[in-house]
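> quick one: sequence plus predicted model below, questions after.
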2 protein chains.
Amino acid sequence: MSNHPLEEILHPKSIAVVGASDTGRGGGFLTPLQNSGYQGTIYPVNPKYKMVGGLPAYPRVSAIPGPVDYVISSIPAQQVLDLVEACGKKGVKGLHLFTARFSETGRKEASDLEKEILKRAREYGIRIIGPNCMGVYYPRERIVFNDGMPMEPGKIGLISQSGQVVGEIVSFAGQQGVRFSKAISYGNALDFNECDYLDYFAQDPETEIILLYIEGVRDGKRFPEALKKAAAVKPVLIVKGGRGNAGTRATVSHTASLAGSQQVWEALVRQSGAVNVSTLEDLVDLAVAFNFLPPATGRKLAVLGGSGGSSVLSADQCEEAGLEVIPLPQDIRDKLKEAGSPIWDWIGNPADFSISMGDHEAAFQIGYLMAEHPSFDSLMVFVHGPWRRVKNFSLPNHLQPYKQMGSFNKPTVFVYQEMRNQEKEDETAAKIRMELKEKLIEWNMAVYPTINRAARALSGFIGFYENRK
Amino acid sequence: MSNHPLEEILHPKSIAVVGASDTGRGGGFLTPLQNSGYQGTIYPVNPKYKMVGGLPAYPRVSAIPGPVDYVISSIPAQQVLDLVEACGKKGVKGLHLFTARFSETGRKEASDLEKEILKRAREYGIRIIGPNCMGVYYPRERIVFNDGMPMEPGKIGLISQSGQVVGEIVSFAGQQGVRFSKAISYGNALDFNECDYLDYFAQDPETEIILLYIEGVRDGKRFPEALKKAAAVKPVLIVKGGRGNAGTRATVSHTASLAGSQQVWEALVRQSGAVNVSTLEDLVDLAVAFNFLPPATGRKLAVLGGSGGSSVLSADQCEEAGLEVIPLPQDIRDKLKEAGSPIWDWIGNPADFSISMGDHEAAFQIGYLMAEHPSFDSLMVFVHGPWRRVKNFSLPNHLQPYKQMGSFNKPTVFVYQEMRNQEKEDETAAKIRMELKEKLIEWNMAVYPTINRAARALSGFIGFYENRK
């Protein structure tokens, strides 16, 4: 374990949930912790109840019999100073303030209260996560803040000023098979700020890729160095919230941060070796690429599948995303002709699946030749169900070629086209495509719901390696 | 009924499916026609079978007892000349050639055959849709080419060189409540070409908005005028497939069209008063806007809902799409203060839902003030389930404010955030959001699955009205 001050706080042996109740948000922290299988002791604290969530409730932190390492506060802002006192006397190490309505309101008295809380916490040596945030998601320790958060740990670390964003990223990325080492929502960054979290995740052996959602920098002096240090050792992907006029205004009322000029920001991120990302969707898609793909070597792309107009448009979208959909090399045509393919002179890149008239095996023979060919740096493969009514259809046989396409140690993205459910000729086609998606994830492959998203992610991923050179 | 030559062909009293069988694609045309409830007579033609799809099958077109208005061909290319002869003698008016492997292969003998077919058809006065296409979807006549295509007619007309694209657009747009007057996939455009279809849809009283997916123009001389005439009377939204290098190559092998320079193309479309669109997703999203929204008057947008980071990012994405997320007008704040709102000085635009602490009614009171205010030209509303555990939750009560938000006669887009299913505090929240989506569609409102898609569609829609000025 590292000696970063967050390390101890992230491994609490006991957690008190102050303001817990069987309804409302206090219960919202208690119930997920109970359901997740957290191994430490959980203490609900609320003077109004004898029992909360089936556990004995304590009227105050001081009334808890054993030691308390970590406290989650969901009581009103006006009561937090007293809570800090009580925590100090109890020897609490970490305090997560879900409690909001502090400096983010833009009101002076709320800001002053926040400062006073920090001062008092420092006197007691208590470290604060928040306020105005959802706190910690740490699957290895089974610390969660929502029911249904995955319990399998992964290699992505997520730092986010917004708790909503943590919930969304964990859920969205989870649908594409990505799992997290830990995620921290840090809100107003009163004590630990973005630099502390970057330092922590940079040295954290459980984290291989760092995602950052940030609205405003709290420690502008330290930030460039912290970012540079982190990006030197791990890919760091950053979404800046509050880029425009309205966003800047919203940022202030959301987490009381001051947003800087967008141009200056983007230059800073680029020079640090980190990656600028625009939307949460792009962030998820890039995380999928970094999570599953081998390093990229170039932009020349082979596209296998799609049919008719969707194949034509897939080439447009890949090129517009900055990928190079080069013509099919002549020596591949020669090999196809030799093998007796009736479409050797007609098929191209993209290799339109309808030209193979639904012959799954013949289509993939072309795919393998493309995958093996040194001209192609990466591959895009469309996932489809059986083309028409196939006699003797077997799902394992249908699946096998996809597995093989993913085995060439080139960045390979699979597009499962979630919205394409018009294949009514065979009503099981859509279902098979989704089963196939799940299998591909099981095989550690990068899957995307649309061509556009796959193309953008692949292009951004390649860009990261180009910038390293 | 108009005297456009397509009109009669689109209202056949009988259809022969040549090459029909109980397996394979021939059956694929027969079965959907049988299932759709097509009111005319259906004749399967195939010398190999006595019965197909439970109907008596005829060995040749000439063996069919009654008159035949329309023929769908799914026999091999080499047999089509004979079929044309037979159709000519039978008095067939329209021939849809699903049959492919003509000029799109790039092979001379296939191109020559295509020309011969056209020549022979002209001698007999037979008009051809295709070859290499899926043909007609016309819900009023219950003519379909896939099972599961919606039977309710709508006001969108779709012209597409690719049949795959018709299937996708009808399916995708259908999920957002859009229905079609008719859609025609026309492939290689051997006889009727893009200009004929534009002329037809321009005068078709059943069509109010025209979508066009085109890979290459067959009649370059006539096209600018045909496009201009259509765009003068109805919105025309165009996706050009084969924009880049690879797409141009793929276009040739898909529908044997020659693609022109992309810059020239875009200028031509713009000058005609039509709208350039990049992807099928954008086409669907714009079709939703044109289908449901009242005319746009400007770019000033009020955003209601979202919470925390997602609210901040929604403003960024709207601004980056070209919308103006202006500050909340002072007189709205004054009204809120007067009404005793505790957040009158804190809430802004976007009106972050979490600042209202989940008070649905209070949040919408702000929404109504925004909707009524003359500063705002259009509205974006986030669809969400109950915020937390709500006592006495009632779906109709929850729904009512959304209906009201859509009643201000300003372009209003609803974002239902399909991927946000992490609201595990209340597991019914995601389900409620989807029910809400269906209700909004029932109420003729424009719904979108993501902020980005809603913002892009709204911005494009406003741009159409700006260009009209």
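Yep, it's here. Source: prediction; values computed, not measured.
> show me the domain layout of chain A.
In the assignment given by automatic domain parsing, the structural domains of chain A cover A:1-132, A:133-292, A:294-468.
> give me the residue from the stretch 251-400 of chain A nearest chain B.
Distance from chain B to each residue of the stretch 251-400 of chain A (C-beta to the nearest C-beta) is smallest for residue A:309, at 2.7 Å. Backbone N, C-alpha and C define where each C-beta goes, glycine included.
> wait, what's in contact with that residue?
Neighbour list for residue A:309: B:160, B:161, B:162, B:163, B:164, B:165, B:213, B:215, B:241, B:254 [criterion: C-beta atoms under 8 Å, 6 or more residues apart in numbering or on different chains].
> mind checking pLDDT for the nearest residue to the third one once chain neighbours are set aside?
This means residue B:162. Leaving aside its chain neighbours, residue B:162 sits nearest to residue A:309 (2.7 Å; criterion: C-beta to C-beta, 6 or more residues apart in numbering or on different chains). If you check residue A:309, the pLDDT there is 84.
> try residue A:260
Residue A:260 is assigned 63 on the pLDDT scale.
> okay, the domains of chain A in TSV with distance to residue B:466 next?
As requested, those are exported to TSV (distance: least, C-beta to C-beta, whole Å):
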stretch	distance to residue B:466
domain A:1-132	35
domain A:133-292	20
domain A:294-468	24
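> give me whichever of the ones you listed is most buried.
Per residue and on average, the most neighbours among the domains of chain A fall to domain A:133-292, with a mean of 22 (mean count of other C-beta atoms under 10 Å in any protein chain shown).
> now do the end-to-end distance for that one.
30 Å (C-alpha to C-alpha, to the nearest Å).
> thinking again about what came up before, so how far is residue B:283 from the residue nearest to residue B:162?
11 Å (C-beta to C-beta, to the nearest Å).
> and stretch A:175-191, how far from the chain's centre?
For stretch A:175-191, the distance between its averaged C-alpha position and the chain's averaged C-alpha position is 8 Å (C-alpha atoms, centre = their mean, to the nearest Å).
> any residue of it touching chain B?
Yes - on the criterion C-beta under 8 Å from any C-beta of the partner chain, stretch A:175-191 is in touch with chain B at residue A:175.
> straight-line length of that stretch, end to end?
33 Å.
> before we move on, back to that, joint contacts of residue A:309 and residue B:283?
In the contact map built from C-beta under 8 Å, 6+ apart, the residues linked to both residue A:309 and residue B:283 are residue B:213.
> what's the weakest-modelled helix or strand in chain A?
Comparing helices and strands within chain A by mean pLDDT, DSSP states H and E singles out helix A:245-255 as the least confident, with a mean of 67.
> helix or strand right after that one?
Helices and strands here follow DSSP states H and E; after helix A:245-255, the next one along the chain is helix A:262-272.
> check whether that following helix contacts chain B.
No - residues of helix A:262-272 are not located near chain B by C-beta under 8 Å from any C-beta, the shortest gap being 9.3 Å.
> mind giving me the packing neighbours of that helix?
Based on contacts counted as 3 or more C-beta pairs under 8 Å, 6 or more residues apart in numbering or on different chains; DSSP states H and E, the elements that helix A:262-272 packs against are helix A:223-233, strand A:236-240, strand A:275-277.
> report the angle between the axes of the first one and strand A:236-240?
With axes from the mean of the first three to the mean of the last three C-alpha atoms, to 10 degrees as the criterion, the two stretches helix A:223-233 and strand A:236-240 enclose an angle of 140 degrees.
> for helix A:223-233, C-alpha coordinates in PDB please.
Only the C-alpha atoms of helix A:223-233 are listed here, as PDB (Å, rounded to 0.1, in the frame of the first residue of the first chain):
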ATOM      1  CA  PHE A 223      -2.300  21.200 -11.800                       C
ATOM      2  CA  PRO A 224       0.000  21.300 -14.900                       C
ATOM      3  CA  GLU A 225       2.700  19.300 -13.100                       C
ATOM      4  CA  ALA A 226       0.300  16.800 -11.600                       C
ATOM      5  CA  LEU A 227      -1.300  16.200 -15.000                       C
ATOM      6  CA  LYS A 228       2.100  15.900 -16.700                       C
ATOM      7  CA  LYS A 229       3.300  13.400 -14.100                       C
ATOM      8  CA  ALA A 230       0.200  11.200 -14.400                       C
ATOM      9  CA  ALA A 231       0.200  11.300 -18.200                       C
ATOM     10  CA  ALA A 232       3.800  10.300 -18.300                       C
ATOM     11  CA  VAL A 233       3.000   7.000 -16.700                       C
END
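> what sits up against stretch A:163-176?
The set of residues external to stretch A:163-176 that reach it, using C-beta under 8 Å, 6+ apart, is A:133-135, A:137, A:145-146, A:149-150, A:156, A:158, A:160, A:180, A:183-185, A:187, A:211, A:213, A:241, A:280-281, A:283-285, A:287-288, A:441, A:446-448, B:307-310, B:313, B:354, B:419-422.
> can you add distance to chain B and mean pLDDT and give the helices and strands packed on helix A:262-272 back as TSV?
Formatted as TSV, the entries for the helices and strands packed on helix A:262-272 read as follows, by distance: least, C-beta to the nearest C-beta, whole Å; pLDDT from 0 to 100:
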stretch	distance to chain B	mean pLDDT
helix A:223-233	19	97
strand A:236-240	7	97
strand A:275-277	11	96
